[in-house]
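Trainee: with the input below, show me the fold.
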Amino acid sequence: MNRHAVVSTRIGELTVVVSETDLVGIYFPHHWVKPSAETLGERVESTDPLIVVVVGQLEEYFDGRRVSFDLPVRMEGDAFQRRVWAVLEEIPYGETTTYGEIAELLGEPAQAVGKAVGQNPVSIVVPCHRVIGRNGSLTGYAGGLTRKQFLLDLEEPVGARLF
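Mentor: Model prediction:
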């Protein structure tokens, strides 16, 4: 059974969703793909032990003291989404890639890749913010382009390149 807490962070309010053992969601207030009530589960205090660990690692990341996450993560999605999300997990800290490069890697249409990236339920931890437009432009981000720019600036990416 999932549970969630709404927490204040350096980049604003986040809804953190966990199961008994895993992180299953991080959502922004105006997230494009809203989780169902069943996905969220009951609302708990931010003192929940697993939520404390997740928020602690997020804050370390926002402070520049963490470049990767050490969290148990479970992502629910179809086979195509899981393939795209697996590629996201491989993009190193401080690097970016494009939707087109992921599409080429997977042999899939860029538009389908973009949709799957946008449905990533574990924003930040699975770094969809590291995916940019073909010409280096910022495009779509469930947390908004200001947050995406903040995360990219935090990581100081060297430019768009496939890992």
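Trainee: nearest residue to residue 93 in space, please, no chain neighbours.
Mentor: Distance criterion C-beta to C-beta, 6 or more residues apart in numbering; nearest residue to residue 93, sequence neighbours excluded, is residue 67 at 4.1 Å. For glycine as for every other residue, the C-beta is placed from the backbone atoms N, C-alpha and C.
Trainee: cool, and residue 84?
Mentor: residue 116 (3.8 Å).
Trainee: model confidence score at the one you found, please.
Mentor: Looking at residue 116, its pLDDT reads 95.
Trainee: can you check residue 98 too?
Mentor: Looking at residue 98, its pLDDT stands at 94.
Trainee: for the residue positioned nearest the centre of the chain, give me its contacts.
Mentor: In the chain, the residue lying closest to the centroid (C-alpha atoms, centre = their mean) is residue 123, at 1.6 Å. Neighbouring residues of residue 123 by C-beta atoms under 8 Å, 6 or more residues apart in numbering: 26-28, 31, 129, 142-143.
Trainee: nearest to residue 46 among those?
Mentor: Among the contacts of residue 123, residue 26 lies closest to residue 46 (C-beta to C-beta), at 13.3 Å.
Trainee: perfect, I'm done here.
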